[in-house]
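K.L.:
need coordinates for the below:
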Amino acid sequence: MIPLLPLLLLFFFFNPSLQSKVSISLSPTTLSKSGDTVVIKWSGIDSPSELDWLGIYSPPSSSYDHFIGYVFLSKSPTWKSGSGSISLPLVNLRSNYSFRIFHWDSSEINPKRQDHDHNPLPGTKHLLATSEELSFQTGRGPEQIHLALTDDDDEMRVMYVTGDPRETYVRYGEREDKLNGVAVARVKRYEREHMCDSPANDSIGWRDPGYIHDGVMTNLKKGVRYYYKVGSDAGGWSATHSFVSKNSDSDETIGFLFGDMGTATPYSTFLRIQEESIATVKWILRDIEALGDKPAFISHIGDISYARGYAWLWDQFFNQIEPIATKLPYHVCIGNHEYNWPTQPFKPDWANYGKDGGGECGVPYSLRFTMPGNSSEPTGTEAPATRNLYYSFDMGAVHFVYISTETNFLRGSNQYNFLKHDLESVDRKKTPFVVVQGHRPMYTTSNEIRDAALRAEMVEHLEPLLVENNVTLALWGHVHRYERFCPLNNFTCGGRVQNGEDNKAYTVHLVIGMAGQDWQPIWEPRPEHPDMPIFPQPERSIYRGGEFGYTRLVATKEKLVLSYVGNHDGQVHDRVEILASGEVVSGGKPDCENVESSLSWYVKAGIILVLGALIGYIIGFISHSRNKLQDKREWTPVKTVES
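P.N.:
A predicted model of the protein is given here:
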């Protein structure tokens, strides 16, 4: 029998956390709400390494490798002394947090453990210290509040998350101090077994999503500001928010539209985050505050949170959009990073559908949002049916349609039949403009060939519906750039086409996937300069922008204006104006004047050069004659236009 004392000595010797004198403390130890900041302090690290790191864990019982994020201690300016501090704003995950400090150096890098950007994930072999637990106050009410339109003009939906299934309510009214309207929210939830693949169904990615509450405010007056709060006396109430109800009597339409935004975290994690999403929300909030009491909405066309199976990123996303989504209805369509998984039901060889959803198979997307309509497709697994696939609504002078590029859109499919019937049923006297939105683009000039076959199928099956039904705009994401095309039909620029009694208009296509995802595909590179795109652009591409941003839509029954706002300065960098007559105007000129052949351009340039030479000769002759008349006075050179 081995004596007890030697065993204790061996345990002490081989346990770095017992040998270490490292201390770690939190201030405060309880946060009030999501977004509040904790300060983490440490001291006593001997021979600190630049790769020593702080692991963030929730729940605290998570194994060492199952952190939700990490920060290198070298972020603190005093790290070389073995002491320092880091401040982190954190989101309430309905479970406590804890923090662990690990020693790590370059000799221990494991090239097989990498994050999304192929950076090595930090090692957990040498634990130095573990903090006490950090909690959130209870009774503070629900979080992650966001609005959405319903199928009825006099309603507004509000959704939010709590940590338990108890009944909650929406209180609302026209006065902040008189919220007499009451709606009971229904409660739903999804479980780990509903996920279709890893990491969504693994311990490393799965976290408790909480309980999702869904309430509808009814009998709203048209175009009136309403105040509301959500929660219960038992669980607490949210702050009071407000929105302006939909006004079916107004022909004015205002919307903020973009794709591929994602979310940002204050720490590194397994996936690439989207820092630019912060600026997108900031500038849209600026625009919302300038609206006054005008109704508007937000449209996010796919690749929503980029959680891809790491559940806490959904919490981070909804917390980040709350300042705008509590004020305007937030509408979405599904993207590849919400849905695609290896055994999805519709997966033709040409579609390039992979496993971009991280095993979520559309479940968080389907339950965390509720869009108008009742579209759904079965998953073929234990997961509930995928919802929010295709739907439409009127807003002022515009009929908006959302479709799914990730599920069957071919002729004869449920989605195709919906789109055909919907477009044929539009009342153009009520809504003279029609905007169709989906995730993967039908047209793009980026150097992206993987979706070429899918785009060809979209052109074959969907574009005839757009042209035959005079769709005004088609908006797409997926490519993380802004690009505007001329009115298109089968890659050909055009406008209105008189064909007997038919009066068909080509559709203006735009790619607006520039709202946050920081992987920016370049345009097709020059052979001799691979870092530079080819210019001039293809004839069909009117404007291509490389800046992050969003688009702003403003329409009346007379015209629709779509503007591209850059995040770097908050200013408009492109603008297209479409009249109710069908004329498309860009930069003050019809697009057909911008889409000219190279020959036409050279002819005009030649004429300008000849005229310039002739005028120069005349001016020179006159100047020479005048100089001869000067009585030997000093020559004074003429000032040029160059500065």
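K.L.:
what number of residues lie near Thr253?
P.N.:
By the criterion of other Cβ atoms under 10 Å, Thr253 has 25 neighbours. C-beta: built from backbone N, CA, C; applies to glycine.
K.L.:
show the model's pLDDT score for it.
P.N.:
According to the prediction, Thr253 has pLDDT 98.
K.L.:
who touches the nearest residue to Thr326 once chain neighbours are set aside in this structure?
P.N.:
Closest residue to Thr326 apart from its sequence neighbours, by Cβ to Cβ, 6 or more residues apart in numbering: His241 at 4.1 Å. By Cβ atoms under 8 Å, 6 or more residues apart in numbering, the contact set of His241 is Ile145, Tyr227, Tyr228, Lys229, Thr326, Lys327.
K.L.:
the fifth one contacts Ala148, correct?
P.N.:
No - using Cβ atoms under 8 Å, Thr326 is not in contact with Ala148; the gap is 11.7 Å.
K.L.:
what are the phi and psi values at Phe317?
P.N.:
For Phe317, the backbone dihedrals (degrees, to the nearest 10) come out as phi -60, psi -50.
K.L.:
any weak-confidence spans in the protein?
P.N.:
1-20, 496-503, 520-523, 525-526, 532-536, 587-643 (pLDDT under 70).
K.L.:
which residues in the stretch 1-150 of the chain form strands?
P.N.:
Secondary structure of the stretch 1-150 of the chain (DSSP state E, counting those that start in this stretch): strands at 23-27, 30-31, 37-43, 53-57, 69-72, 84-89, 98-103, 126-130, 135-136, 143-148.
K.L.:
got a markdown table for those strands, with mean neighbour count and distance to Gly210 too?
P.N.:
Converted to a markdown table, those look like this (neighbours: other Cβ atoms under 10 Å; distance: least, Cβ to Cβ, whole Å):
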| stretch | mean neighbour count | distance to Gly210 |
| --- | --- | --- |
| strand 23-27 | 16 | 23 |
| strand 30-31 | 18 | 16 |
| strand 37-43 | 17 | 21 |
| strand 53-57 | 24 | 18 |
| strand 69-72 | 20 | 19 |
| strand 84-89 | 17 | 19 |
| strand 98-103 | 23 | 19 |
| strand 126-130 | 19 | 26 |
| strand 135-136 | 18 | 12 |
| strand 143-148 | 24 | 8 |
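K.L.:
contacts for the helix or strand that contains Pro487?
P.N.:
Take DSSP states H and E as the rule and Pro487 turns out to sit in strand 482-489. For strand 482-489, the external contacting residues (Cβ under 8 Å, 6+ apart) are 443-446, 463, 467, 493-495, 505-512, 514, 539-547, 549, 551, 564, 574, 576, 584, 586, 591-592, 594-595.
K.L.:
if we go to 7 Å?
P.N.:
Residues from elsewhere that reach strand 482-489 (Cβ atoms under 7 Å, 6 or more residues apart in numbering): 443-445, 463, 467, 493-495, 505-512, 514, 540-545, 549, 564, 574, 576, 584, 591, 595.
K.L.:
centroid-nearest residue for the protein?
P.N.:
The structure's the chain has its C-alpha centroid closest to Met261; by Cα atoms, centre = their mean the separation is 1.9 Å.
K.L.:
correct me, but that one touches Thr280?
P.N.:
Yes - counting by Cβ atoms under 7 Å, Met261 touches Thr280, with 5.7 Å between them.
K.L.:
which neighbours do these two share?
P.N.:
Shared contacts of Met261 and Thr280 (Cβ under 7 Å, 6+ apart): Ala515, Gly516.
K.L.:
mind putting the contacts of His241 into TSV with distance to Gly69?
P.N.:
Formatted as TSV, the contacts of His241 follow (distance: Cβ to Cβ, whole Å):
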residue	distance to Gly69
Ile145	24
Tyr227	36
Tyr228	33
Lys229	31
Thr326	26
Lys327	29
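K.L.:
helices of the chain, start to end?
P.N.:
With helices called from DSSP state H, the chain shows them at 4-14, 16-19, 276-289, 312-325, 336-339, 363-368, 414-424, 452-461, 463-468, 591-594, 598-629.
K.L.:
measure Cys196 to Gly262 for me?
P.N.:
21 Å (Cβ to Cβ, to the nearest Å).
K.L.:
cool, Val38 as well?
P.N.:
Using Cβ to Cβ, Val38 is found at 24 Å from Gly262.
K.L.:
roughly how far apart are Val565 and Glu322?
P.N.:
Val565 is 21 Å from Glu322, where distance means Cβ to Cβ.
K.L.:
more neighbours: these two, which one.
P.N.:
Val565 (24 against 21).
K.L.:
dig out what that one forms beta bridges with.
P.N.:
For Val565, the beta-bridge partners are Tyr550, Val572 (DSSP bridges).
K.L.:
quick check, it in contact with Ile284.
P.N.:
No - taking contacts as Cβ under 7 Å, Val565 lies outside contact range of Ile284: 8.6 Å.
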